[in-house]
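*Asks:* Provide a 3D model corresponding to the input given below.
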Amino acid sequence: MQIDSIRLLLITASSPDIQRIRQSRVLNFQQITMPYLAAYVPSHWTIIHVDEAVAAVDLESSVDLVAITFHTPSAPHVYELAALFRQRGVTVALGGPHVTLQPDEAQAHADVIFIGEAEQTWPRFLAEYESGNHHNRYSSEPPSLNNAPMSRQDLFHRRDHTAGVLFATRGCAYRCDFCTLAVMYQSHVRQRPVEAVALEYASFRGKVVILWDDNIACDIEYAKTLFRAIAPHRKWWSSQASIHAASDDDFLELAARSGCKQLFIGFESVSQASVNEVSKAFNRVDEYARAIERIHSHGISVQAGIVFGFDNDSEAVFGETLDFLEATGVQNATFNILTPFPGTRLYERLEAEGRILTQDWSKYNSRADVVFQPRHMSPEALLSGYRYANRRFYSWGSVYKRLSRSPVQLSWTLPLNLAYTLALRYHQ
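*Replies:* Modelled structure (predicted):
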């Protein structure tokens, strides 16, 4: 093979079903896996990136190698894509969360798979592919991020109302039963050098930046150093954090000064029994209201992550949750249906109890389908309650009630609420 002839197609997968579900979500931030991995590709290769959230894959594309990253609900769609390219003699490599969770399944649909993170294995594979002597499976322990490159911004294709997306840290120290991160990253938390993150942060043109971290508050002291480094660039940013972020005023003050406008907090449930059952007992429900108040006091809005369907949930949970969110003036919320992703401890438990209803991975979308038997309600009641929560939270009355109690400036929160309200009215 001539080294100047290699054409690589990178695909950020999203099945048509997932695209329809996401139409009511409003926020659809740029996925950075493929633009990031593209930074490792030799300069003499030709790279094409297709993000299925914005464009369809050309199945007749003249390429030598196809690499696809995907989550569980896109698996059936990706396997169909892989089969079509392999029929043409194109080498197909698969990676991402679902491959790490189900490697043997994925191997049956690919020439090459990547288990775990790819900082070490992806460059090795590229060199071996070029020499004509690559393996069919690569796996890695959690790697250092000290030399992580900047993502290829020219391969960002989504118009997501942000200047850009990047990550400073990866992983989460906790091992919640339903979370795939504990399986994918083995509870190892790593950080990029602060100087490198600040340089990439400054490189984005525009005002709003998303820090695509699993838990920006996992290492509080690192986070504080990072906030000091990015503050001079005078941008606005949002990220995910555990509830521990609310207990450190210095963290919140530095975050606010550096431009933090919103933190996504995984509250999961307003029932202490429910968070206890999935190994997230460090979430103290009786401290939620005070945590929200502390975050608000620094001018930072709260996006609450809520999950319905825990074993302690009855049909009363939907109303109780909405009452709490409205009373505390939470600005935004993301509601999900509890989903036992394969490879997690939750899946193993529910499978052992005979409560998994389907292994059709396309239904593992957390929003449109219930794939297990809840303990205290029917699957239909869980889906109905989830839809009720979305409708009520983003109703005109709830928007007014919540935001009128919010001390946070409306310039960030009001447009987002209105966008969700209109999207839900149009798509449901």
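*Asks:* What separation is there between Val197 and Leu145?
*Replies:* Using C-beta to C-beta, to the nearest Å, we find Val197 at a distance of 10 Å from Leu145. For every residue, glycine as well, the C-beta is placed using N, CA and C.
*Asks:* Wait, Leu338 touches Phe178, no?
*Replies:* Yes - applying C-beta atoms under 8 Å, one finds Leu338 in contact with Phe178, separated by 6.4 Å.
*Asks:* before we move on, back to that, so which of Val197 and Leu145 has more stuff around it?
*Replies:* Of the pair Val197 and Leu145, Val197 is the one with more neighbours under other C-beta atoms under 10 Å, namely 24 against 19.
*Asks:* packing partners for whatever helix or strand that one lives in?
*Replies:* Element membership for Val197 (DSSP states H and E) is helix 194-203. If contacts are counted by 3 or more C-beta pairs under 8 Å, 6 or more residues apart in numbering; DSSP states H and E, helix 194-203 sits against strand 164-166, helix 220-230.
*Asks:* Pull the residues that contact that helix.
*Replies:* 148, 150-151, 153, 164, 166, 168, 209, 222, 225-226, 229-230, 233, 235, 237 (C-beta atoms under 8 Å, 6 or more residues apart in numbering).
*Asks:* Between helix 220-230 and that helix, find me the angle.
*Replies:* 40 degrees (axes from the mean of the first three to the mean of the last three C-alpha atoms, to 10 degrees).
*Asks:* any idea of the pLDDT on Leu410?
*Replies:* For Leu410, the pLDDT comes out at 72.
*Asks:* tally of neighbours for it?
*Replies:* Leu410 has 13 neighbouring residues, counting by other C-beta under 10 Å.
*Asks:* host element of the residue nearest to it when sequence neighbours are not counted?
*Replies:* Leaving out its chain neighbours, the residue that sits closest to Leu410 by C-beta to C-beta, 6 or more residues apart in numbering is Leu403, at 6.4 Å. In this assignment (DSSP H and E), Leu403 forms part of helix 396-404.
*Asks:* Beyond that helix, next helix or strand please.
*Replies:* Taking DSSP H and E, what comes next after helix 396-404 is helix 410-427.
*Asks:* Tell me which other helices or strands that following helix touches.
*Replies:* Partner elements for helix 410-427 (3+ C-beta pairs under 8 Å, 6+ apart): strand 260-268, strand 332-337, helix 396-404.
*Asks:* and among those, the most buried is which?
*Replies:* Greatest average neighbour count among those goes to strand 260-268 (a mean of 22), per mean count of other C-beta atoms under 10 Å.
*Asks:* Sketch out the strands for the chain, chain order is fine.
*Replies:* Listed in chain order, the strands of the chain (DSSP state E) span 7-12, 46-51, 65-69, 91-95, 112-115, 137-139, 164-166, 169-170, 190-191, 208-211, 236-241, 260-268, 301-308, 332-337.
*Asks:* Same list (the ones you listed) but as TSV, adding mean pLDDT.
*Replies:* Shown next, in TSV, are the strands of the chain (pLDDT from 0 to 100):
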stretch	mean pLDDT
strand 7-12	98
strand 46-51	97
strand 65-69	98
strand 91-95	98
strand 112-115	98
strand 137-139	97
strand 164-166	95
strand 169-170	96
strand 190-191	96
strand 208-211	95
strand 236-241	96
strand 260-268	96
strand 301-308	97
strand 332-337	95
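*Asks:* Serialize those strands to CSV and add fields for distance to Val78.
*Replies:* Output for those, formatted as CSV (distance: least, C-beta to C-beta, whole Å):
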stretch, distance to Val78
strand 7-12, 8
strand 46-51, 13
strand 65-69, 5
strand 91-95, 7
strand 112-115, 12
strand 137-139, 17
strand 164-166, 22
strand 169-170, 23
strand 190-191, 27
strand 208-211, 25
strand 236-241, 25
strand 260-268, 27
strand 301-308, 25
strand 332-337, 22
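*Asks:* Looking at those strands, which is nearest to Glu380?
*Replies:* strand 332-337 (11.9 Å; C-beta to C-beta).
*Asks:* can you list contacts of that closest one?
*Replies:* With contacts defined as C-beta under 8 Å, 6+ apart, strand 332-337 is touched by 262, 264, 301-309, 325, 366-367, 369-370, 382-383, 386, 389-390, 393, 413, 416-417, 420.
*Asks:* try 6 Å this time
*Replies:* With C-beta atoms under 6 Å, 6 or more residues apart in numbering as the test, strand 332-337 has contacts from 303-307, 309, 325, 366, 370, 386, 389-390, 393, 416.
*Asks:* Just flag the most distant two among those.
*Replies:* Val370 and Leu416 (27.2 Å).
*Asks:* ok, the two, which is more surrounded?
*Replies:* More neighbours surround Val370 than the other of Val370 and Leu416, with 23 against 18 (other C-beta under 10 Å).
*Asks:* wait, isn't that one in contact with Pro379?
*Replies:* Yes - shown here, Val370 and Pro379 form a contact pair, counting by C-beta atoms under 6 Å, at 3.8 Å.
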